[in-house]
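**Student:** pasting the structure only:
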């Protein structure tokens, strides 16, 4: 199992909607709206890196209001 933390910048007017959409994505185990340089942090788990990439490219980055993402894949 691969785990990644996805740090998300969203357009201010869409932050709530982005969080709600991400909650419904399979593989997202936790999501938090945060203060600081990012607006949202999502914890994602998948079987392999290709599955993580699919979640990022096909499900998170396409959400209306997502400006950019930074992904941190864990090493443990």
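**Tutor:** Sure thing, it's come through. All values derive from a computational prediction rather than experimental measurement.
**Student:** contacts for the host helix or strand of residue 68?
**Tutor:** Using DSSP states H and E, residue 68 maps to strand 66-73. With contact meaning Cβ atoms under 8 Å, 6 or more residues apart in numbering, strand 66-73 is reached by 2-11, 14, 18, 38, 49, 52, 56, 60-61. C-beta here means a position set from N, CA and C on the backbone, and glycine is covered the same way.
**Student:** buried stuff in it?
**Tutor:** The neighbour-count check on strand 66-73 (16 or more other Cβ atoms under 10 Å) flags 66, 69, 71 as buried.
**Student:** Pull up the per-residue confidence for the first one.
**Tutor:** Residue 66 carries a pLDDT value of 98.
**Student:** How about the one 10 residues further on?
**Tutor:** According to the per-residue confidence, residue 76 scores 82 in pLDDT.
**Student:** quick one: it and residue 56, what's the gap?
**Tutor:** 20 Å (Cβ to Cβ, to the nearest Å).
**Student:** higher neighbour count, these two?
**Tutor:** residue 56 (18 against 3; other Cβ atoms under 10 Å).
**Student:** measure the residue lying closest to the more buried one once chain neighbours are set aside to residue 17 for me?
**Tutor:** Nearest in space to residue 56, with sequence neighbours left out and distances taken as Cβ to Cβ, 6 or more residues apart in numbering, is residue 71 at 6.2 Å. For residue 71, the distance to residue 17 (Cβ to Cβ) stands at 21 Å.
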